[in-house]
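K.L.:
Mind looking at a prediction? Sequence and model below.
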Amino acid sequence: MFELMKATAFISALLATSALAQQPHATAEWVSSTQNVSNGGSIRSVIKMKISEGWHTYWKNPGEGGIPLDIKAKLPDGWRLEEIQYPAPKRMLTGELPSFGYKGEVMFPITIHPPHDAQGPLPKIVATLSWLTCNESSCVPGEVELTLSTQGDASVIQKAYSSIPQPLKGGKLEFIADKTQVTLILTLPEKSKMNPSTYDLFPVTPDVISAASELRFKAKENKPDTWIATGKSSEYIDVEIKSLAIEMFKSGEASWSISSGK
């Protein structure tokens, strides 16, 4: 609890140093290539962010410092907005705190679900997007009202969606955790050609594995379908945690997600 308070106090101090800042160090737009609704089909859209040089924003698990994106939409009756989807993050520091996030340009897919009987032109859809940008010495909150544009490039939107992890079907994830170390045990389907050692691993579940640990699977001796990764426990870990989720990313390859119950 003390360490959690320390991290919260640290971010608060960074925010305080930026109280007079006039810009959120990022811009955002919301685009889709869908102009008409047919039989209630889902609508793919992307939030495109441009983050100022020297600044970063955060992944779904921000690590030990930061806040993920938040969106609140004004939707017509019967419409639903899924959660924001996140591409592969990078490891970085927010002051002295290790974190996961993004620099430069990044695209966040987000799917819209109209009612099953919806037909015709896409209605006006408005949302408020908020975020936190930080550098090594300060943090600045940002917020903007976005109106969904239907003039997006379909190929760009498809590329954004293809970067999102898919469930690793047939795989099994187990874990062992204590106050000092977390061990992940990944079992692949028999005769799988996947090589987990070539993927970057990120813990989706917060406050279990330290954000400073660069996880990497290694093959278990004499068990070609079993892979082990070990990382330092988070300072905030509750060893009674019941489940753990990770995501696996590799440049130019499909990304995967897998979770464990315990």
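P.N.:
Sure thing, it's come through. Numbering: from 1, shown residues only.

K.L.:
since we're on the nearest residue to Pro141 once chain neighbours are set aside, how many residues are nearby?
P.N.:
Once flanking residues are discounted, Pro141 sits nearest to Leu132: 5.4 Å by CB to CB, 6 or more residues apart in numbering. The C-beta positions use only the backbone N, C-alpha and C, and glycine is treated the same way. The tally of other residues near Leu132 (other CB atoms under 10 Å) stands at 26.

K.L.:
which SSE is Leu132 in?
P.N.:
strand 126-134 (DSSP states H and E).

K.L.:
strand partners of the helix or strand in which Leu173 is found, parallel vs antiparallel please.
P.N.:
Here Leu173 sits within strand 172-177, counting by DSSP H and E. Note on strand 172-177: by DSSP bridges, its sheet partners are strand 181-187 (antiparallel).

K.L.:
next helix or strand past the partner strand?
P.N.:
strand 200-203.

K.L.:
following that next one, which helix or strand shows up next?
P.N.:
Later in the chain than strand 200-203, the nearest helix or strand by DSSP H and E is strand 218-220.

K.L.:
quick one: strands adjacent to that next one?
P.N.:
When DSSP bridges is applied, strand 218-220 pairs with strand 223-232 (antiparallel).

K.L.:
mean confidence for the strand it pairs with?
P.N.:
Taken as a whole, strand 223-232 has an average pLDDT of 94.

K.L.:
buried sites along that strand?
P.N.:
By neighbour count on 16 or more other CB atoms under 10 Å, the buried set for strand 223-232 is Asp225, Thr226, Trp227, Ile228, Ala229, Gly231.

K.L.:
Mind putting these into JSON lines with distance to Thr205?
P.N.:
Shown next, in JSON lines, are the buried residues of strand 223-232 (distance: CB to CB, whole Å):
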{"residue": "Asp225", "distance to Thr205": "24"}
{"residue": "Thr226", "distance to Thr205": "21"}
{"residue": "Trp227", "distance to Thr205": "19"}
{"residue": "Ile228", "distance to Thr205": "18"}
{"residue": "Ala229", "distance to Thr205": "14"}
{"residue": "Gly231", "distance to Thr205": "12"}
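
K.L.:
Thank you, goodbye.
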